[in-house]
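Asker: fold the following, please.
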Amino acid sequence: MKLESFWQATAPAFSGAARGDLPSTADVVVIGAGFTGISAALSLARSGLKVVVLEAAEVMSQASARNGGHCNTGVSQNFASLIASQGVEQASRYYRAFADAVDYVQSLVENEQIACDFLRTGKIKLASKASHFPSLKATYEALLSTVDSEVELVGADEIRREIDSEAFYGGLIQKRGGQMHMGKFGIGLAEAAARSGAEIFERTPVTSLTRLNGYRHRVGTARGDIVADKVLMATGCSNVGPFDWFQRRIIPVGSFIVVTEPLEAEELRSLMPQNRTCVTSLNIGNYFRTTADSRLVFGGRARFAVSSPTSDARSGKILQAGMAKIFPSLSRTKIDYCWGGLVDMTADRLPHAGEHEGVFYSLGYSGHGTQMSVWMGRVMADLVAEKSDENPWQRESWPAVPGYFGKPWFLPVAGLYYKAKDRLS
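Answerer: Just a heads-up that it's a prediction; the model follows:
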């Protein structure tokens, strides 16, 4: 078993990294070379701006290539609950933003001719307990009456046509969701940005950020300083760098994934005949999907811990047991890849984007970032270039998480709480 991301291990190498010295000035400096940063860089460069991307590690080395490979419509919360907290108009706006984001990802795949195994076969949320089905039904009714006429509810008597397992009591299908090879997509997107003129510097962490006036900042790195007319923060949940204000608002939560050896294609089709992305209804649940080479990708918050080689390996064992519980026929299946990553969680489990003290940002995708981060890269590029003021995630304020200063000391307690909720629900 390799302790590395399947997406990274099986993606092509990035050939477009900038060489030589950092430029002394730029129209825009983008901090972070994941989906948000690279998508923004692509749009900004095509607007004729001089764009420099600074990445502490390598292109697509963090959450963008360490996730479960889902690219789905819908917010991370229960939609019916979101209506209760935000109102039907705002909840519908958020939902449509995610649908638009999936459309945008598909358009990039097609227009840039990125070979990343993109499929749009939909998503199903599976009821792990009979008591969870009424909540799925309420969400189905709310979606059907507002924003998604194609949504479908599947009862316990029909669920086996979706998934060959005795573990579930029905499901909610959102048919516009998709999936792709995250590493291949990310590298393809980065190559497109580089071809368009964006200068992407890997292994160049930002060490200081000094506001000069308005939006202008001096961005410090070990390789020198850059004076930027504007700066876009696209760092996810990074706790490295001079970004204290953002770090107090983003909670890094570990998520872990295993990928099986290649299976017989017919066996995989029998287990998941509709080939959808799947997520279970437990608080500490699982998500899974297939790959183009007939593997099963199976993930979840197996442990409330940050990612490390030891933590990843322990979580992999838990995930393997969980996979065998859902699919007993896979109990002896070999695991080829195992890895962990950090989800940039916010208190309200919604993204936040805007401007703070002259720095533009888009962060906090809370486990639903594949599509939204790519789309928000384009949205933030238009904001920075003053081409549009569209931004669904702009709020009047973004309060810090009480008692949190960058180290998630409360995660073990949260884990115990959610485990108890799952037992009692």
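
Asker: so where do the helices sit in the stretch 151-300 of the chain?
Answerer: If you assign secondary structure with DSSP state H, counting those that start in this stretch, the helices in the stretch 151-300 of the chain sit at 182-195, 244-247, 265-271.

Asker: packing partners for the longest one?
Answerer: In terms of contact count using 3 or more CB pairs under 8 Å, 6 or more residues apart in numbering; DSSP states H and E, helix 182-195 is assigned the packing partners helix 6-9, helix 35-46, helix 88-111, strand 199-201. From N, CA and C alone the C-beta is placed, and that goes for glycine too.

Asker: ok, 6 Å please
Answerer: Counting contacts by 3 or more CB pairs under 6 Å, 6 or more residues apart in numbering; DSSP states H and E, helix 182-195 packs against helix 6-9, helix 35-46.

Asker: format those as a markdown table; extra columns: distance to A97.
Answerer: Output for the helices and strands packed on helix 182-195, formatted as a markdown table (distance: least, CB to CB, whole Å):
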| stretch | distance to A97 |
| --- | --- |
| helix 6-9 | 25 |
| helix 35-46 | 14 |
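
Asker: ok, which of those comes nearest L232?
Answerer: Judged by CB to CB, the one of those that comes nearest to L232 is helix 35-46, at 5.7 Å.

Asker: dump that closest one to CSV, restricted to CA.
Answerer: Only the C-alpha atoms of helix 35-46 are listed here, as CSV (Å, rounded to 0.1, in the frame of the first residue of the first chain):
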residue,chain,number,x,y,z
PHE,A,35,-7.9,24.9,-8.2
THR,A,36,-8.9,28.4,-7.0
GLY,A,37,-5.5,30.0,-7.6
ILE,A,38,-4.8,28.3,-11.0
SER,A,39,-8.3,28.9,-12.3
ALA,A,40,-8.0,32.6,-11.3
ALA,A,41,-4.5,32.8,-12.9
LEU,A,42,-5.9,31.4,-16.2
SER,A,43,-8.7,34.0,-16.4
LEU,A,44,-6.5,36.9,-15.3
ALA,A,45,-3.7,36.0,-17.8
ARG,A,46,-6.3,35.8,-20.6
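
Asker: residues touching that helix, excluding its own?
Answerer: Contacts of helix 35-46 from elsewhere in the structure, counted by CB atoms under 6 Å, 6 or more residues apart in numbering, are 28, 30, 51, 53, 64, 189-190, 192-193, 196-198, 232, 234, 362, 373-374, 376-378, 380-381.

Asker: are any of those buried, and if so which?
Answerer: Burial of the contacts of helix 35-46 was assessed by neighbour count (16 or more other CB atoms under 10 Å); the buried members are 28, 30, 51, 53, 64, 189-190, 192-193, 196, 198, 232, 234, 362, 373-374, 376-378, 380-381.

Asker: who's W339 bridged to?
Answerer: Counting by DSSP bridges, W339 forms beta bridges with I257.

Asker: tell me how many other residues crowd it.
Answerer: The tally of other residues near W339 (other CB atoms under 10 Å) stands at 26.

Asker: gap between the two ends of stretch 156-169?
Answerer: Stretch 156-169 has its terminal residues 4 Å apart, counting by CA to CA, to the nearest Å.

Asker: buried stuff in it?
Answerer: For stretch 156-169, using 16+ other CB under 10 Å, the buried residues are 159, 162-165, 167-169.

Asker: export the residues you listed as TSV, with columns for pLDDT and distance to L319.
Answerer: Shown next, in TSV, are these (pLDDT from 0 to 100; distance: CB to CB, whole Å):
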residue	pLDDT	distance to L319
I159	98	22
E162	97	21
I163	98	17
D164	97	19
S165	98	16
A167	97	15
F168	98	18
Y169	98	22
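
Asker: on that earlier part again, now, which of the buried ones among the contacts of helix 35-46 lie within strands?
Answerer: The members of those that map onto strands under DSSP state E are 28, 30, 51, 53, 232, 362.

Asker: in this protein, what spans have low per-residue confidence?
Answerer: Flagging of the chain using pLDDT under 70 yields the residue ranges 302-306, 409-421, 424-425.

Asker: so for it, the centremost residue is which one?
Answerer: The centre of the chain sits closest to G369, judged by CA atoms, centre = their mean, with a distance of 2.8 Å.

Asker: from A65, how far out is that residue?
Answerer: 12 Å (CB to CB, to the nearest Å).

Asker: what of E58?
Answerer: Per CB to CB, E58 is found 9 Å from A65.

Asker: more crowded one of the two?
Answerer: Ranked by neighbour count (other CB under 10 Å), E58 and A65 place A65 first, with 27 against 16.

Asker: which residues touch that one?
Answerer: With CB under 6 Å, 6+ apart as the criterion, the residues that contact A65 are 5, 7-8, 182-183, 186.

Asker: tell me which two in the buried residues of stretch 156-169 are the farthest apart.
Answerer: Comparing every pair within the buried residues of stretch 156-169 by CB to CB identifies D164 and Y169 as the most remote, at 14.8 Å.

Asker: partners of M233 in the sheet?
Answerer: The residues paired with M233 through beta bridges, assigned by DSSP bridges, are I31, Y361.

Asker: right, I mislabeled it, should have said Q179
Answerer: Listed beta-bridge partners, Q179: H70, L119 (assigned using DSSP bridges).

Asker: surely it and R276 touch.
Answerer: No. Because the distance of 8.4 Å does not satisfy CB atoms under 6 Å, Q179 is recorded as not touching R276.
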